[in-house]
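# Dropping the sequence and predicted coords here.
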Number of protein chains: 2
Amino acid sequence: MMAADGGQEEEEQEEEQEEGEHNEVVCLPALSRVAVCGGTHGNELSGVHLVRERLKEKKQKVDEEEDDVVSVVNILTNPRAVQQCRRYTETDLNRCFTRATLSSTVSDRTPYEIVRSQELNSLLGPKGSPQAVDLVCDLHNTTANMGLCVIAYSDSDWICLHIFKYLQHHMSDVPVRYIHFDLPCREAYSLDSLGKHGFALEIGPQPHGVVRSNIYTYMKTGVELMLDWVRLFNSGTVFEGGSVEVYTMVSAIDYPREPHTHNIMAAIHPQLQDQDFCLLRPNDPIFETFSGATVRYQGPEPLYAFFINECAYYEKGIALSLARRRRVEIPAIQMKSGLEHRGDEGTSEEEAD
Amino acid sequence: MMAADGGQEEEEQEEEQEEGEHNEVVCLPALSRVAVCGGTHGNELSGVHLVRERLKEKKQKVDEEEDDVVSVVNILTNPRAVQQCRRYTETDLNRCFTRATLSSTVSDRTPYEIVRSQELNSLLGPKGSPQAVDLVCDLHNTTANMGLCVIAYSDSDWICLHIFKYLQHHMSDVPVRYIHFDLPCREAYSLDSLGKHGFALEIGPQPHGVVRSNIYTYMKTGVELMLDWVRLFNSGTVFEGGSVEVYTMVSAIDYPREPHTHNIMAAIHPQLQDQDFCLLRPNDPIFETFSGATVRYQGPEPLYAFFINECAYYEKGIALSLARRRRVEIPAIQMKSGLEHRGDEGTSEEEAD
């Protein structure tokens, strides 16, 4: 506890002292090249329109001074699906970025999205190589009431965690959370795994095929804050450490289904609908069948529910996902000066092919 | 104003007297055959699952006593679109029920939905003929925050208006409104126009491709109340007259679009989003562009906005629809006894082919 006047300065001094004492500032390479991607799912419209808007603004600014602190590329990643306003045309693009799929042989009959994933790998990767862009931010929407989520494959990628901390600190109108998908780089299947660092920026609730101005604005603000952070980082700012909450995905639950038709027999229970990130306890209502019966959660332990009733997951057999929550300590970080640009942590470790 | 005790009885007595004095009870033919239809749009899931559930229940009840007051048929109307969880496969089925399309010649290249509309016309119609079912209730969902709406082509179909009044009276958890599309029977394009009487039961907000238990339950309750009303009507109950609010559609507004690409340049303004059936006045905010500017309503008169940000209407060039609201007096009605079954009012007037 400290007095209100001058509290922040005192705090900063204290932390500087601590840093000095413990020499805790982790130095990481600059983030020179950043990709902002939208339309990986063609019917998730906030990202589609935000990337289009950013491309338009960039065109208009062509004569202005170039940003020399960071180079940003904006990409509409699945233009065919965007054109058709569908998630994908032949197969889900955002499941095509495993090492196996990226290195598979292409023929005339290869689904469009697999061909496209390899194109994007050439453009933004190759995945796990020194040539890969430094940071990929892939824009997504969900029908679930998730607020804004940073979704990444690591709980020790200090870049992703610091960007998350920065977004959480600066966005007051929407809850901001960090979801950790615990998969090795090799099995990481989503577009953001192409970068040295990467995450999905997932925002909801927004129906697919619809753009809601509030959700669009959260996404726009999120991207601008992320780029502000990168510019501050690349300019030498020291970012204080601290602790953040991380939700690590542990399992998923499917809808009750008819044995023969595989049709669903229930919807998410009204008490659970829209309650993403609530703690689901054994015996809590989870589904309501179409004849009105309540189905309860049978799991052995309380877990946090998220992606509750996401439209695109019906076909994947997921009614909701479950996570464990814990606090993760993150160190103070700062850009490493000099030309060394790799090998410090996270996704760049296992890149040798 | 009357005392709380015994008020209802007094009211009933008074109204009976009035009916007696003015001889105002309109007599209409029984509604012997009713169709409950879902999946006309394959991704509007409340109707899909409600019809499936009703079909399952009916199968289970096969040995029980048959309902002799009304015969109800439950139909999944666009099974191919349901299978693919899309609005339609080739063309919007719910625009195929005009006289022109129903009488068009079919070839191998005719879109599936046109072929299907003619099948449904044989099953439930022929449209405008004495053989047509008495009442069609077609189940729909919208991403707009519309609550429950009865949508019909007439503001003087006493059956539809009395069913609406009954739903409005009995459903307290959701707003219930009546929308009037002012088109002659010949041009009426939707499935419900096949019946002697018919309406769409439109409920939202629900994302397409998703089922939300609260919306499903409203729909289920709405259908059960509608069938209760039909049974009461067919059993000779006199339904009191009164006045109801009717929203008559007068125009629609498209999103601001890029001239060349036809891409939208704005979303519904956050102040208007989810405010279906609010009065939109000249100069009120209507859109927010993707660069953050406000676009205002330029119309000459205040009108009621509805279908605000309906997903499926992006491709139809409709960001929202506008209506005039007025009170409509409806007479007391009662089933006509005897065998005369037609020619009293509404959609059955102009059936001669």
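Yes, it's here. Since the model is a prediction, treat every value here as computed from it, not as a measurement.

# need the residues of the stretch 201-350 of chain A near chain B, please.
A:205, A:207-214, A:216-217, A:263-264, A:267-270, A:273, A:288, A:290-291, A:309, A:311-312, A:314-315 (C-beta under 8 Å from any C-beta of the partner chain). The way it works is simple: take the backbone N, C-alpha and C, and place the C-beta from them, glycine included.

# pretty sure residue A:233 belongs to a strand, no?
No: the assignment for residue A:233 is helix, going by DSSP: H, G, I helix; E, B strand; the rest coil, so no strand is present there.

# Now the closest residue to it other than its chain neighbours: phi and psi?
Closest residue to residue A:233 apart from its sequence neighbours, by C-beta to C-beta, 6 or more residues apart in numbering or on different chains: residue A:335 at 5.6 Å. Per-residue torsions, residue A:335: phi -70, psi 140 (degrees, to the nearest 10).

# Residue A:335 and residue A:29 touch, don't they?
Yes: Residue A:335 is within contact range of residue A:29, at 7.3 Å (criterion: C-beta atoms under 8 Å).

# Which one's more surrounded, these two?
residue A:29 (21 against 18; other C-beta atoms under 10 Å in any protein chain shown).

# hang on, the earlier thing: and the residue nearest to residue A:233, what is it in contact with?
A:27, A:28, A:29, A:30, A:233, A:234, A:235, A:236 (C-beta atoms under 8 Å, 6 or more residues apart in numbering or on different chains).

# What of residue A:167?
So residue A:167 contacts A:148, A:150, A:176, A:222, A:225, A:226 (C-beta under 8 Å, 6+ apart).

# what about 6 Å?
By C-beta atoms under 6 Å, 6 or more residues apart in numbering or on different chains, residue A:167 lies in contact with A:176, A:222, A:225.

# Just confirm it is within a helix.
Yes: counting by three-state DSSP, residue A:167 is part of a helix.

# Now for the residue lying closest to residue A:175 once chain neighbours are set aside, how many residues are close by?
Nearest residue to residue A:175, sequence neighbours excluded (C-beta to C-beta, 6+ apart): residue A:147, at 3.8 Å. A count of neighbours around residue A:147, defined by other C-beta under 10 Å, yields 20.

# Tell me the bridge partners for residue A:147.
Following DSSP bridges, residue A:147 is listed with bridge partners residue A:204.

# so it sits right up against residue A:174, yeah?
Yes: in terms of C-beta atoms under 6 Å, residue A:147 counts as a neighbour of residue A:174; the distance is 4.8 Å.

# list the contacts for residue A:270?
B:213, B:214.

# quick one: it from residue A:225, how far?
Relative to residue A:225, residue A:270 is positioned 34 Å away (C-beta to C-beta, to the nearest Å).

# Pull up the per-residue confidence for the most centrally placed residue in chain A.
Among the residues of chain A, the one closest to the centroid is residue A:200, at 2.2 Å (C-alpha atoms, centre = their mean). Per-residue confidence (pLDDT) for residue A:200: 98.

# is it fair to say it lies in a strand?
Yes: according to three-state DSSP, residue A:200 belongs to a strand.

# which residue packs closest to it, ignoring adjacent ones?
Using C-beta to C-beta, 6+ apart and skipping the chain neighbours, the partner closest in space to residue A:200 is residue A:151 (4.2 Å).

# helices and strands around the strand or helix carrying the one you found, which ones?
In the assignment (DSSP states H and E), residue A:151 maps to strand A:147-152. With contacts taken as 3 or more C-beta pairs under 6 Å, 6 or more residues apart in numbering or on different chains; DSSP states H and E, strand A:147-152 sits against strand A:176-180, strand A:197-204.

# give me that answer again for 8 Å
The contact analysis (3 or more C-beta pairs under 8 Å, 6 or more residues apart in numbering or on different chains; DSSP states H and E) places strand A:147-152 against helix A:158-170, strand A:176-180, strand A:197-204, helix A:213-234.

# Which parts of the first one count as buried, going by neighbours?
Yep, that's helix A:158-170 we're talking about. A:158, A:159, A:160, A:161, A:162, A:163, A:164, A:165, A:166, A:167, A:168 (16 or more other C-beta atoms under 10 Å in any protein chain shown).

# which of the residues you listed lies closest to chain B?
Nearest to chain B among the buried residues of helix A:158-170: residue A:167, at 19.4 Å, using C-beta to the nearest C-beta.

# What ranges does the stretch 51-200 of chain A have for its helices?
Assigned by DSSP state H, counting those that start in this stretch, the helices in the stretch 51-200 of chain A fall at A:79-84, A:99-102, A:112-124, A:158-170.
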